[in-house]
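Novice: let's see this in three dimensions:
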Amino acid sequence: MANTTVPRAHRAGRELLLLALLYVGYSAARLLAHADVGAATANARQLLHLEAAMHLDVEHWANSTLTSVPALALLSSYWYSALHYVVTPAVLIWVYRAHVPQYRRVRNSLVVASAVGLVGFTLLPMAPPRMLPGYVDTLAATATHGWWGSDASAPRGLGGLTNELAAMPSLHVGWALWCTWVVFLCTRTTWLRVVAVAYSAGTVLVVVATANHYVLDAVAGAAVIALAIAVVGRRSESAYAVLPPLGALADAGRLRAARELEPAGR
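Specialist: Modelled structure (predicted):
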C-alpha cells in the first residue's frame with residue numbers, strides 16, 4: 001500500500017506546486033501588462049461602436065437592471081470575485097482524482113488558454129465598462145459587504161496588484177467554459193452537465209452586468225478556450241501519430257512468433 005500511496009501523494013504535491021507557480025507567473029505577467037489608460041479607454045470606445053453596429057451593446061442595460069436589484073447585485077459581486085477561484089481548481093482536482101486519463105489534457109488546455117489570454121491583455125489593453133461614464137461599478141458599490149475593494153475583484157487594499165485594463169478577453173468566461181467542457185468530457189451525469197452549463201451562462205451574465213466586461217470580451221474568452229482545447233488536442237494526436245496502431249503491433253507480434261515456430265527446413 002505504501003508503494004502506491006507515496007508516489008501518488010508525491011505526484012499530487014508536484015502538480016499543486018506546478019499550478020501554484022503557474023498562477024504566480026500568470027499574475028505577475030498580468031500585472032506587467034499594464035498599459036496607458038487613455039489608449040485602453042479609446043480601445044473600449046471602439047469596441048462599443050463595433051458592438052453597436054452588431055446590435056450587441058447590451059452592457060448599459062444589463063448594468064442598470066442589475067443595479068436596480070441590490071440583493072442580486074451583491075450576489076453577482078460574490079459570483080464574480082470568488083467562483084472562478086473556487087470552481088476552476090475544484091474541477092481540476094476532481095479530474096485528477098476521478099478521471100486520471102483526461103487530467104493532462106484538461107490541465108494543459110487551461111494553461112494554454114491562460115497564456116493566450118495574457119497575450120490578449122498585452123496586445124489589446126481594454127478599459128472595462130465600469131471605467132466609462134454612465135456605468136455603475138457593481139463590485140465597488142457592494143464592497144462594504146465583501147472582501148473586495150474598488151479595484152476589480154482584488155481584496156481590499158491590494159488593488160495595486162491587479163491590472164484593471166485586462167478586460168479583453170474575459171478569462172472569467174474562458175475558465176467557466178473550460179469547466180463546462182471538462183464536465184462534458186468526463187461524465188454523462190445529466191445534473192452535473194446542467195450545473196456546468198448554468199455556471200457558464202451565469203458567468204457570462206455576471207461579467208457583463210457588473211460592468212467588468214463587454215459582450216465581445218466574453219466571445220473572445222470563449223474563442224481562447226476553444227483554441228486552447230484544439231491546440232492541446234492536436235498535439236496529443238500528433239504525439240501518438242508516429243506510433244503504429246496497437247492492433248498492428250499485435251498482428252506483427254503474432255506473425256513473428258509464428259515464423260519462429262516454423263520448421264527450419266521450410
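Novice: what about the spatially most central residue of the chain, distance to Val207?
Specialist: What sits nearest the mean C-alpha location of the chain, by C-alpha atoms, centre = their mean, is Trp175, with 2.0 Å. Separation of Trp175 from Val207 (C-beta to C-beta, to the nearest Å): 11 Å. Just so you know, the C-beta spots here come from the backbone N, C-alpha and C atoms, and that holds for glycine as well.
Novice: now swap in Gly146 and tell me
Specialist: Distance, Gly146 to Val207, using C-beta to C-beta: 16 Å.
Novice: out of the two, which sits in the more crowded spot?
Specialist: Between Gly146 and Val207, counted using other C-beta atoms under 10 Å, the more crowded position is Val207 (29 against 16).
Novice: touching, Phe184 and Leu192? I think so.
Specialist: No: using C-beta atoms under 8 Å as the test, Phe184 is too far from Leu192 to be in contact (9.1 Å).
Novice: quick one: contacts for Ser64?
Specialist: Ser64 sits next to Val136 when contact means C-beta atoms under 8 Å, 6 or more residues apart in numbering.
Novice: ok, back up a step: isn't the residue nearest to the centre of the chain up against Leu83?
Specialist: No: the pair Trp175 and Leu83 fails to qualify as a contact (C-beta under 8 Å) at a distance of 9.5 Å.
Novice: so what's Val58 up against?
Specialist: Val58 is in contact with 208, 215, counting by C-beta under 8 Å, 6+ apart.
Novice: pLDDT score assigned to it?
Specialist: Looking at Val58, its pLDDT reads 96.
Novice: can you tell me how far Arg107 is from Trp191?
Specialist: For Arg107, the distance to Trp191 - C-beta to C-beta - is 25 Å.
Novice: when those two are compared, which one has more neighbours?
Specialist: The neighbour comparison of Arg107 against Trp191 (other C-beta under 10 Å) goes to Arg107, with 19 against 8.
Novice: and the pLDDT for that one?
Specialist: pLDDT recorded at Arg107 is 92.
Novice: what about stretch 146-163, how long is it end to end?
Specialist: Terminal residues of stretch 146-163 lie 20 Å apart, using C-alpha to C-alpha, to the nearest Å.
Novice: okay, Ala166: pLDDT?
Specialist: For Ala166, the model assigns a pLDDT of 81.
Novice: beta partners for it?
Specialist: Here Ala166 shows beta-bridge partners Met126, assigned using DSSP bridges.
Novice: list the contacts of Thr203.
Specialist: Contacts for Thr203 (C-beta under 8 Å, 6+ apart) come out as 79, 83-84, 172-173, 176.
Novice: for Leu132, what are phi and psi?
Specialist: Main-chain dihedrals, Leu132, degrees, to the nearest 10: phi -100, psi 150.
Novice: what distance do you get for it to His60?
Specialist: Per C-beta to C-beta, Leu132 is found 9 Å from His60.
Novice: what of Tyr135?
Specialist: From Tyr135 to His60 the distance is 7 Å (C-beta to C-beta).
Novice: overlap of the contact sets of these two?
Specialist: In terms of C-beta under 8 Å, 6+ apart, Tyr135 and His60 are both contacted by the residues Pro129.
Novice: so the two - more neighbours on which side?
Specialist: Neighbour comparison, Tyr135 and His60: the larger count goes to Tyr135, with 18 against 15 (by other C-beta under 10 Å).
Novice: where does the chain have low pLDDT?
Specialist: Applying pLDDT under 70 to the chain picks out residues 1-13, 16, 18-35, 148-162, 235-266.
Novice: at 80 instead, please
Specialist: Applying pLDDT under 80 to the chain picks out residues 1-36, 146-164, 234-266.
Novice: all helices for it, in order.
Specialist: For the chain, the helices defined by DSSP state H cover 2-32, 37-53, 59-67, 70-78, 84-98, 100-123, 138-141, 171-186, 190-209, 215-241, 246-261.
Novice: in CSV, list the C-alpha atoms belonging to the shortest one.
Specialist: So that's helix 138-141. Written as CSV, here are the backbone C-alpha positions of helix 138-141 (Å, rounded to 0.1, in the frame of the first residue of the first chain):
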residue,chain,number,x,y,z
THR,A,138,-21.1,46.9,-9.1
LEU,A,139,-18.3,45.5,-7.0
ALA,A,140,-17.3,48.9,-5.7
ALA,A,141,-20.9,49.7,-4.9
